[in-house]
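Asks: Here's my sequence, what's the structure:
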Amino acid sequence: MQTTGTEERPFGGWRELMKVAWPLIVNSGTFAVLNFSDRMFLSWYGEAEFRASLPSGILFFTLVCGFMALAGFANTFVAQMWGAGDKEGCAKATAQGIIFSVLSFPLIMALTPVGIGLLRLSGHAPEVLALEEHYLRILMWCGGGMTLSSALGSFFSGRGRTLVIMWANIFANGINILLNYAFIFGKWGLPEMGIAGAGWATVIGSWISPVLFALLYFSPPVNREFGTWRHLRYNGWLFRRMIRFGLPAGIHWLLDVAAFTAFVLLVGRLGAVAHVASNIALSVNLIAFMPMIGMGMAAAILVGQYLGRDEPELAERMGWLAAKIGTGYIAAIGLTFLLFPGAYISLFARDAAGTVPSGELLGTVRILLAMLAFWGLVDAFVLTLSGALKGAGDTHFVMWFQSIVAWGFLVLGQVVIVVVFEADVLVSWAWTLCYVLILGAGFTLRFRSGRWKGIDLLDRRANVAAEVETTDDLSTRL
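Replies: Take a look at the predicted model:
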C-alpha cells in the first residue's frame, strides 16, 4: 500500500479545518452569489419571472440532487483511502462516480415530465406557471454537468485539495453571472430572453466546471501519480459499496430537498405577498446557507480522513469544531438580517413596485428575516454534523431520520396549515422553523452518541480477518 505521509499526524485543530474549509466556503458562496444574482436580475425584469424562478429552480435541484449526492459520495471513499495511504484507490473510487454520472444523465432528462406535472399541481397563477415550466425544461440540461462535476470534484476535495474546487467554480459561476445579465436583458448585442436567458446561462455554466476538473484529473502529472486513465473502468466491489453507502445519501438529499420544495410550492398558494416575500427571504438566506454547505463538506472530508487513519476520537473533535465555527459565522450573518433588513429588501425593490403592496411586503420580509437569523444557528449544526456523519459512512441514519422528520412533520404539517386551514405565511414559516429545530436536536444527539465510529466503510475488518485466516492456514500447512 502506498502512503501519503500522514500517519500519526497530530490533531490539526481549527487551522487544518479552515485550510480545507475556506475554499469550499468560498466555492459555496459563489453559488450563493450566482443564485442571488439570478433572482435579483429577474426581480428587476418582472414580477412574474421572479415569482417563477424559485419554485422552478428548487424543483430542478430536487430532481437532480439525489444523483449529485450519490456521484459525489466518491468524496468519502477518496477521503478515507487518502487517509489510509491508498493513492490508486482514490482514482478507482473517482472512476465509479464518473461512470455513475454518465449513466444518470438520460435518467435525469427523463424526469422532465415529472417536474412539469408537479408544477401544474402547485396552483400557481397561469402566467407564473407558464414561465415556471419553460424555465424548468431548460434547467434540466444542467443535470448531467452538475452530477459529473460532483464526481470529478470528489477526487480533489476528498484529498483536501479544495482550492481546485474553489477556483474552477469561481470561474464557471463568474461566466454564469455575466451570461445571466446579458441573456436576461439582451446586453452586448445578445437577444433579450428574460427567464429563458437565465436558464441557458446556467446550462453553460454547469458544464464548465466538469470540463475543467476533467482536464486536471486526466492531466499527465496526475495520471502518472494516481493512474487516472488506467483505473477509468468499472470496479464491481467499489461500485457496489458506493451504491450501498451513497444511495442513502442520495435519497436523503432527494427527500429533504423535495420536502423543502413542497414548502416553497405551498407558500405560493398564499397569495402574491407571501410568494414574493418568501422568495426574497429565501434568496437572502442563500448568503448564510450556501457557505455552510462548504463547512459540512469540510467536516465530511476531515472526519473521513481521520477515520481512514483509524483515529475516531480526533474525527469527533473535528466534527464538533466545525459545528462551533459554523455557528459563529451564521450568528454574524444573522445579526445583519436583524439590523439591516431594509438593505437586503432594497435589492429587490423593483419587484415591490408591481402588484404587491410594498408596505405589507416590507413588514412580512422583516419578520421572515428575523426568523432566518435564529433558523440559521440551528441549521449550522444540521449541515456540519450531518456532513460529519456522512463522512463516517453513517448515511442510513441521516437518510431515515431526516426523511421521516421532513415528510412526517414538515410536509404533512404544511399541507394542513396551508391547504386545510389556509393560514398566513408567518404560521407556515414558524412550522418550518420547528422542523429545523428537530433536525438540529437529532443530529446533535446522534453525533454525540458516537455510534458512527463503528462503521467500517472500506471493509477493512473483513480484509484483516481474511489475511489472518490465510496466515493461519499457511502456518498449519507448514
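Asks: What are the buried residues along stretch 130-149?
Replies: 131-149 (16 or more other CB atoms under 10 Å). Quick note: C-beta positions are derived from backbone N, CA and C, even for glycine.
Asks: average pLDDT for it?
Replies: Averaging pLDDT along stretch 130-149 gives 91.
Asks: low-scoring stretches of the stretch 151-300 of the chain, by residue?
Replies: Within the stretch 151-300 of the chain, not a single segment meets pLDDT under 70.
Asks: other SSEs contacting the helix or strand that contains Met399?
Replies: For Met399, the host element (DSSP states H and E) is helix 395-405. Using 3 or more CB pairs under 8 Å, 6 or more residues apart in numbering; DSSP states H and E, the elements in contact with helix 395-405 are helix 236-267, helix 358-391, helix 425-449.
Asks: now it: how far from the chain's centre is it?
Replies: Per CA atoms, centre = their mean, to the nearest Å, the displacement of helix 395-405 from the mean C-alpha position of its chain is 16 Å.
Asks: And the residue minimising distance to the centre of the chain, how far from Gly29?
Replies: Central residue of the chain (CA atoms, centre = their mean): Ile293, 6.0 Å from the mean position. To Gly29, Ile293 is 10 Å away according to CB to CB, to the nearest Å.
Asks: how far away is the closest residue to His134 other than its chain neighbours from Thr202?
Replies: Closest residue to His134 apart from its sequence neighbours, by CB to CB, 6 or more residues apart in numbering: Ala196 at 6.2 Å. Applying CB to CB, the value for Ala196 to Thr202 is 11 Å.
Asks: tell me, what's touching the two both at once?
Replies: Common neighbours of Ala196 and Thr202, counting by CB atoms under 8 Å, 6 or more residues apart in numbering, are Ile138.
Asks: residues contacting Phe397?
Replies: Leu389, Arg446, Arg451, Trp452.
Asks: Of those, which pair is most distant in space?
Replies: Leu389 and Arg451 (9.6 Å; CB to CB).
Asks: between these two, which one's more packed in?
Replies: Leu389 (27 against 13; other CB atoms under 10 Å).
Asks: looking at it, the more buried one is touching Phe447, isn't it?
Replies: Yes: assessed by CB atoms under 8 Å, Leu389 is found in contact with Phe447 at 6.3 Å.
Asks: how close does His396 sit to Arg446?
Replies: Applying CB to CB, the value for His396 to Arg446 is 11 Å.
Asks: Likewise for Val203?
Replies: 38 Å.
Asks: do Ile58 as well
Replies: Taking CB to CB, one finds Ile58 at 27 Å from Arg446.
Asks: Also Glu360?
Replies: Noted for Glu360: a distance of 42 Å to Arg446, by CB to CB.
Asks: neighbour-wise, which of these two wins?
Replies: Arg446 (19 against 13).
Asks: pLDDT of stretch 314-329, averaged?
Replies: 91.
Asks: Residues touching it, excluding its own?
Replies: Contact with stretch 314-329 is made by 11, 13-14, 16-18, 21, 288, 291-292, 295-296, 298-299, 302-303, 306-307, 377, 380-381, 383-385, 387-388, 391-392, 447, 450, 453, as judged by CB under 8 Å, 6+ apart.
Asks: Can you say which of those are buried?
Replies: 16-18, 21, 288, 291-292, 295-296, 298-299, 302-303, 306-307, 377, 380-381, 383-385, 387-388, 391-392, 447.
Asks: in the chain, which spans are strands?
Replies: In the chain, no strands are defined using DSSP state E.
Asks: Please, where are all the helices along the stretch 101-250 of the chain?
Replies: Per DSSP state H, counting those that start in this stretch, the stretch 101-250 of the chain carries helices over the ranges 112-120, 126-139, 143-157, 162-185, 195-217, 220-226, 236-267.
Asks: For Ala373, which of those helices is the nearest?
Replies: Closest among these, using CB to CB: helix 236-267, at 18.6 Å.
Asks: Enumerate every residue touching Arg451.
Replies: Going by CB under 8 Å, 6+ apart, Arg451 touches Asp394, Phe397.
Asks: what's the answer for Leu190, then?
Replies: Ala182, Phe183.
Asks: Which helix runs longest in this protein?
Replies: As assigned by DSSP state H, the longest helix anywhere in the chain is helix 272-308.
Asks: residues in contact with stretch 423-440?
Replies: 263, 266-267, 270, 273-274, 277-278, 364, 367-368, 371, 374-375, 378-379, 381-382, 401-402, 405-406, 409-410, 413-414, 417-418.
Asks: from what I can see Phe73 touches Pro248, true?
Replies: No: Phe73 sits out of contact with Pro248 when judged by CB under 8 Å, with a separation of 9.2 Å.
Asks: For the two, indicate the residue with more neighbours.
Replies: Neighbours per residue (other CB under 10 Å) separate Phe73 from Pro248, with Phe73 holding more: 30 against 23.
Asks: how near is the more buried one to Ile195?
Replies: Relative to Ile195, and taking CB to CB, Phe73 is found at 33 Å.
Asks: Check Ser449 too.
Replies: In terms of CB to CB, Ser449 sits 47 Å off from Ile195.
Asks: Looking at these two, which is more packed in?
Replies: Ile195 (24 against 10).
Asks: separation between Phe77 and Arg366?
Replies: Counting by CB to CB, the gap from Phe77 to Arg366 is 46 Å.
Asks: Between the two, which has more neighbouring residues?
Replies: Taking other CB under 10 Å, Phe77 and Arg366 do not tie; Phe77 has more neighbours (29 against 17).
Asks: Quick check: Leu212 touching Phe171?
Replies: Yes: taking CB under 8 Å as the definition, Leu212 is a contact partner of Phe171 at 7.0 Å.
Asks: give the contact list for the nearest residue to His231 once chain neighbours are set aside.
Replies: Leaving aside its sequence neighbours, His231 sits nearest to Ala91 (CB to CB, 6+ apart; 4.3 Å). Shown in contact with Ala91 (CB under 8 Å, 6+ apart): Phe155, Phe226, Gly227, Thr228, Arg230, His231, Leu232.
Asks: Over to Leu70?
Replies: Phe100, Met242, Ile243, Gly246, Leu247, Ala249, Gly250.
Asks: dump the residue contacts of the nearest residue to Gly205 once chain neighbours are set aside.
Replies: Nearest residue to Gly205, sequence neighbours excluded (CB to CB, 6+ apart): Asn176, at 3.0 Å. For Asn176, the contact set (CB under 8 Å, 6+ apart) comprises Leu34, Ala201, Thr202, Ile204, Gly205, Ser206, Ile208.
Asks: if you set the cut-off to 6 Å instead, what comes out?
Replies: Contact partners of Asn176, counting by CB atoms under 6 Å, 6 or more residues apart in numbering, are Leu34, Ala201, Gly205.
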